[in-house]
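Asks: Sequence and predicted structure below; questions after.
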Amino acid sequence: MDYKHRFGFNTQELELTEILDSLGIAYEDRSNCGIAVVEILESDERWSTLKPHLDRTDQLVLTTPIYTQVEMENAEWYSLRSSWHWEYPQPNTDNFGYERNITYSDNFCPECGAHKVQIGNFRIKRAPKWGRKCFLSLNWVHDVLFLNEHAKDILQSSDLNGFHFMKVLDTKGEKAIEGIYQLCTEGFAQPGIISNNDTVRTVQACMTCGLPKYSMTGRGIVYKKSAFEGICTDIVESTELFGFAHYAGRKTFINKRFYEVVVKNKLDNKLEIEPVRIV
């Protein structure tokens with residue numbers, strides 16, 4: 001297992017550019033606007049020299065775990081999300097009109113969105129151009145997965161369970177948009193996240209509803225074994241809420257059977273599938 005660290009910086013920051021140059025760490029101003037991006041593995045011996053400077057200057061660094069094939073194959077449960085964030089839920093009216101009494105009931109937390117109950121179909125302007133991708137999430141609604149006809153047919157014809165599909169409608173709510181469906185989970189894992197380690201950055205209670213939200217460091221996710229005991233379905237949502245500031249969402253967990261169907265049928269393009277460490 002390794003970790004990839006990624007950060008952007010202003011090339012006018014002479015101290016940082018001098019450190020990068022002295023270490024031979026490559027960067028490129030791809031946008032020609034003075035902003036460059038660095039990607040470096042934690043296993044790179046130069047990381048231990050660079051990290052103290054980034055910590056001292058509070059440089060925002062995004063961390064992504066990189067798992068070996070053995071680690072992926074030996075896992076029992078995985079978190080699942082799409083890295084392709086597309087379009088926006090509609091209709092685009094005041095006060096988040098796509099949510100209140102259209103897609104969701106109006107009794108959710110106005111600060112973080114907790115307690116959402118879906119009462120209707122999502123609405124979008126047009127169908128996506130899928131290409132080789134099979135899953136996406138809508139901007140502002142990162143904890144709901146949508147999939148194309150091909151992926152839906154494969155999941156539907158498998159012996160997997162714990163989910164169903166909903167149509168996605170046009171902005172008026174009159175017609176179904178062809179070729180895109182919502183993947184709806186039907187169950188929850190038990191509470192069980194372990195936060196006293198380097199995987200959780202902060203645990204903050206929402207100032208309005210009081211529910212805790214977990215902000216992750218990007219160094220994986222650790223759960224108690226009891227959280228997944230007795231589950232008879234292949235896909236569930238977390239009981240815990242994850243996020244920060246004005247957003248709270250749940251994680252989607254799939255078991256090995258679901259993972260194998262996705263990988264075998266090459267449905268994982270733009271999907272981020274991460275093993276859950278169970279202790």
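Replies: Right, received. Where do you want to start? Residues are numbered from 1 along each chain as shown.
Asks: Mind listing the residues bridging to the residue nearest the centre of the chain?
Replies: Here the mean C-alpha position of the chain is nearest to the C-alpha of R81 (CA atoms, centre = their mean), at a distance of 4.3 Å. Beta-bridge partners recorded for R81 (DSSP bridges): E272.
Asks: looking at this, T49 is in a helix?
Replies: Yes. Counting by DSSP: H, G, I helix; E, B strand; the rest coil, T49 is located in a helix.
Asks: ranges for the helices of the stretch 101-250 of the chain?
Replies: Taking DSSP state H, counting those that start in this stretch as the criterion, the stretch 101-250 of the chain carries its helices at 149-157.
Asks: E73: which element?
Replies: In the assignment (DSSP states H and E), E73 maps to helix 69-74.
Asks: what's next to that helix, contact-wise?
Replies: M1, Y259, I273, P275 (CB atoms under 8 Å, 6 or more residues apart in numbering). Yep, even glycine has a C-beta here, placed from its N, CA and C like the rest.
Asks: Widest-spaced pair of those residues?
Replies: Greatest spatial distance in these: M1 and Y259, 17.3 Å, computed using CB to CB.
Asks: So which of those two has more stuff around it?
Replies: Taking other CB atoms under 10 Å, M1 and Y259 do not tie; Y259 has more neighbours (21 against 14).
Asks: Looks like that one contacts E274 (just checking).
Replies: No. Contact criterion CB atoms under 8 Å: Y259 and E274 do not qualify, at 10.6 Å.
Asks: quick one on the thing from earlier: centre of the chain versus the helix holding E73, how much separation?
Replies: Here helix 69-74 is found 20 Å from its chain centre; the criterion is CA atoms, centre = their mean, to the nearest Å.
Asks: Give me the below-cutoff pLDDT ranges for the stretch 1-150 of the chain.
Replies: Filtered on pLDDT under 70, the stretch 1-150 of the chain yields the residue ranges 31, 94-95.
Asks: What segments of it are strands?
Replies: With strands called from DSSP state E, counting those that start in this stretch, the stretch 1-150 of the chain shows them at 2-10, 35-41, 62-66, 77-82, 85-86, 135-138, 141-147.
Asks: how about those strands, which one is nearest K172?
Replies: Of those, the one closest to K172 (CB to CB) turns out to be strand 135-138, at 17.6 Å.
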